[in-house]
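Trainee: Quick one, structure for this:
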Amino acid sequence: MYEGWNASHFAELWYVFDHLDQEPWHGSEADRKMAEEVSSYWVNFARSGNPNSAGLARWPMFTDGDSKVLYLGDPMVVGRVANINTLSVLDTVYASVRGKPFAAR
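Mentor: Reported below is the predicted structural model:
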């Protein structure tokens with residue numbers, strides 16, 4: 001049914017809310033494990049402002065000086081943003097419009 005959709009914006013919701021059974025494909029064991037872990041990160045963050053807890057790979061805080069992220073996969077791993085210099089153009093664009101009324105743009 002979703003063949004060819006690739007990674008869609010809403011696709012993370014089945015994992016965030018651990019609801020893989022709501023879709024006919026139900027997911028693999030790796031999908032189920034990821035859904036459990038991702039939903040745990042979200043619950044932890046909602047509860048305390050920190051996604052980390054025992055039994056989960058450490059989700060690093062992203063900083064300008066240490067641009068590390070958690071790659072969601074099997075296994076979950078921490079790594080650097082591969083194209084951080086290219087993405088920095090977004091910082092420039094957002095900085096130029098941040099705080100301005102829409103009509104002034």
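Trainee: Relative to Asp64, how far out is the most centrally placed residue in the chain?
Mentor: Nearest to the mean C-alpha position of the chain, by CA atoms, centre = their mean, lies Leu72 at 7.4 Å. Distance, Leu72 to Asp64, by CB to CB, to the nearest Å: 22 Å. Just so you know, the C-beta spots here come from the backbone N, C-alpha and C atoms, and that holds for glycine as well.
Trainee: can you map out the helices along the protein?
Mentor: 13-16, 29-48, 84-97 (DSSP state H).
Trainee: Columns distance to Leu56 and mean pLDDT on top of these, output as a markdown table?
Mentor: As requested, the helices of the chain are exported to a markdown table (distance: least, CB to CB, whole Å; pLDDT from 0 to 100):
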| stretch | distance to Leu56 | mean pLDDT |
| --- | --- | --- |
| helix 13-16 | 14 | 87 |
| helix 29-48 | 6 | 94 |
| helix 84-97 | 24 | 86 |
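Trainee: Nearest to Gln22, out of those?
Mentor: Of all the helices of the chain, it is helix 13-16 that lies closest to Gln22, at 6.7 Å by CB to CB.
Trainee: Show me what that closest one is packed against.
Mentor: Packing partners of helix 13-16 (3 or more CB pairs under 8 Å, 6 or more residues apart in numbering; DSSP states H and E): helix 29-48.
Trainee: Kind regards, and thank you for your time.
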